[in-house]
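Participant: Please work out how this folds:
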Amino acid sequence: MGDMIGLVDMDGTVADLDSAMQKGLAKLASPGEPTFTHGDDLPDWMEARRRLVMMQPGFWRNLHRLELGFEIVQCLEHHDFNIHVLTKGPSNKPLAWSEKVEWCREHLPQANVTITEDKSHYYGKTLVDDWLPYGLPWLKHRKRGLLIVPAQPWNVDAETLHPNIFRYDGSNKARLRAVVKAAKDRQDKEPYILPPL
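Facilitator: Model (predicted):
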């Protein structure tokens, strides 16, 4: 079972980056200033503020858990997947790298942790990731892989983009179990096909 690897993203998947970011940005906002959401095309001044918030000591270490992502992790473990956290390390925020490892050691102590600047080449039978610009390149290299997308406002159309994408919103647990079991049972060289509804 050495190849039963379930890759799991951290930010927006099992750790609530968005709420922490909104809270940090609110402290820097002027009265009446426009708000931005995850995935918006941000002006330079707002991107600079986001970088400032993320550079604060403790920002990554203190992120809250996203229970939706942990439900997916539990399902993967129930089907004998070995959990490997695969998270992007911001190239200009070295503190984030160590704090991400600390967060994982506290909340996912059973997991191996890999911090990378490019997720697309890592092996796993499945990847759990909320951010499609990272998940789709992984699927390009893992044509028989399964991408599980925890529901977020920025990924509502996920399942229309590739046949091996399943979006989990908490109301479709039976379907989650079925798609994970199909990934587990897929033989080498066999294509992954989402089981019928």
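Participant: The lowest-mean-pLDDT helix or strand in the chain: which residues count as buried?
Facilitator: Of all helical and strand segments in the chain, the minimum by mean pLDDT, DSSP states H and E falls on helix 44-54, at a mean of 84. Across helix 44-54, burial judged by 16 or more other Cβ atoms under 10 Å covers 46, 49, 53-54. Glycine gets a C-beta too; all of them are placed from N, C-alpha and C.
Participant: How about stretch 142-157?
Facilitator: 142, 144-152, 154-155.
Participant: cool, stretch 83-97 as well?
Facilitator: In stretch 83-97, counting by 16+ other Cβ under 10 Å, buried: 83-88, 90, 95-96.
Participant: now, among those residues, which is nearest to residue 129?
Facilitator: Taking Cβ to Cβ as the measure, residue 129 sits nearest to residue 86 out of the buried residues of stretch 83-97, at 8.1 Å.
Participant: Bridging across strands, which residues link to the closest one?
Facilitator: On the basis of DSSP bridges, residue 86 is bridged to residue 114.
Participant: oh, and call the first residue 19 from now on, that's how I've got it
Facilitator: In the new count, where the first residue is 19, that last one comes out as residue 104.
Participant: my read: it touches residue 135, true?
Facilitator: No: counting by Cβ atoms under 8 Å, residue 104 does not reach residue 135; the two are 11.5 Å apart.
Participant: would you list the buried residues of stretch 160-175 in JSON lines and tack on secondary structure and distance to residue 25?
Facilitator: Shown next, in JSON lines, are the buried residues of stretch 160-175 (DSSP: H, G, I helix; E, B strand; the rest coil; distance: Cβ to Cβ, whole Å):
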{"residue": "160", "secondary structure": "coil", "distance to residue 25": "9"}
{"residue": "162", "secondary structure": "coil", "distance to residue 25": "14"}
{"residue": "163", "secondary structure": "coil", "distance to residue 25": "9"}
{"residue": "164", "secondary structure": "strand", "distance to residue 25": "10"}
{"residue": "165", "secondary structure": "strand", "distance to residue 25": "10"}
{"residue": "166", "secondary structure": "strand", "distance to residue 25": "10"}
{"residue": "167", "secondary structure": "strand", "distance to residue 25": "13"}
{"residue": "168", "secondary structure": "strand", "distance to residue 25": "13"}
{"residue": "169", "secondary structure": "coil", "distance to residue 25": "18"}
{"residue": "170", "secondary structure": "coil", "distance to residue 25": "18"}
{"residue": "172", "secondary structure": "helix", "distance to residue 25": "20"}
{"residue": "173", "secondary structure": "helix", "distance to residue 25": "17"}
